[in-house]
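> Predicted structure and sequence below. I'll ask about it afterward.
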Amino acid sequence: MKHQPEMTMKTIRLGLALAALSIVPALAHDKHGHATFSAGEPGDPNKPARTIEILLNEMDYAPARIEVRRGEQIRFVLRNVGKEDHEFLLATPKENLAHAVEMKKHPHMEHDDSNGVRLAPNKTAEILWKFSKPGTFEFSCLIPDHRDYGMVGHVTVTSR
């Protein structure tokens, strides 16, 4: 009988730990916290950048293919010329596909991260991005069904 209070405390501590672990993903989801980014890192506004304008249409981007050099900083000027909200989210295809699943559960979720933004019709936004990693990345609209209808673009980052 002496061990029963100790077992009860262990059970309570285990329950609290499990509850805390279940809350962490929800908090990260609400804030879209990104410790690191697969496609590089936010740009430095005090350094030069090449400007690339991208039009967000129904249901595509123009241009949809971009090539940059590793280490290059790009100022994306994003213009929604469509009739509904659209997004630009820069990541790997795998990350965007996984996030698209979450967007189907929460279709009104808005992105205002270093690597993404949601735009209403006739609105403009800028993203300053440094491509520090070589590879092929994508930008896509994760509003439910938009990506499926073809709203996907690609950035190829070449080595210097």
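Received it, and whenever you're ready, just let me know what you need.
> Can you point out the helix or strand that includes the residue lying closest to P45 once chain neighbours are set aside?
Excluding the flanking residues, the one nearest P45 by C-beta to C-beta, 6 or more residues apart in numbering is L128, at 6.2 Å. (C-beta placed from N, C-alpha, C; glycine too.) Element membership for L128 (DSSP states H and E) is strand 124-130.
> Which strands and helices lie in contact with that strand?
Contacts defined by 3 or more C-beta pairs under 8 Å, 6 or more residues apart in numbering; DSSP states H and E place strand 124-130 against strand 41-42, strand 73-80, strand 86-91, strand 116-119.
> Could you identify which of those is most buried?
Mean neighbour count (mean count of other C-beta atoms under 10 Å) peaks for strand 86-91 among the helices and strands packed on strand 124-130, with a mean of 24.
> Pull the helix or strand following that strand out as PDB, backbone CA atoms only.
Later in the chain than strand 86-91, the nearest helix or strand by DSSP H and E is helix 93-105. Extracted C-alpha coordinates of helix 93-105, given in PDB (Å, rounded to 0.1, in the frame of the first residue of the first chain):
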ATOM      1  CA  PRO A  93       6.800  19.200 -53.100                       C
ATOM      2  CA  LYS A  94       6.700  16.700 -50.200                       C
ATOM      3  CA  GLU A  95       6.200  19.500 -47.700                       C
ATOM      4  CA  ASN A  96       3.600  21.200 -49.800                       C
ATOM      5  CA  LEU A  97       1.600  18.000 -50.300                       C
ATOM      6  CA  ALA A  98       1.600  17.300 -46.600                       C
ATOM      7  CA  HIS A  99       0.500  20.800 -45.800                       C
ATOM      8  CA  ALA A 100      -2.200  20.600 -48.500                       C
ATOM      9  CA  VAL A 101      -3.800  17.800 -46.400                       C
ATOM     10  CA  GLU A 102      -3.900  20.200 -43.400                       C
ATOM     11  CA  MET A 103      -5.400  22.900 -45.600                       C
ATOM     12  CA  LYS A 104      -8.300  20.600 -46.600                       C
ATOM     13  CA  LYS A 105      -9.100  20.300 -42.900                       C
END
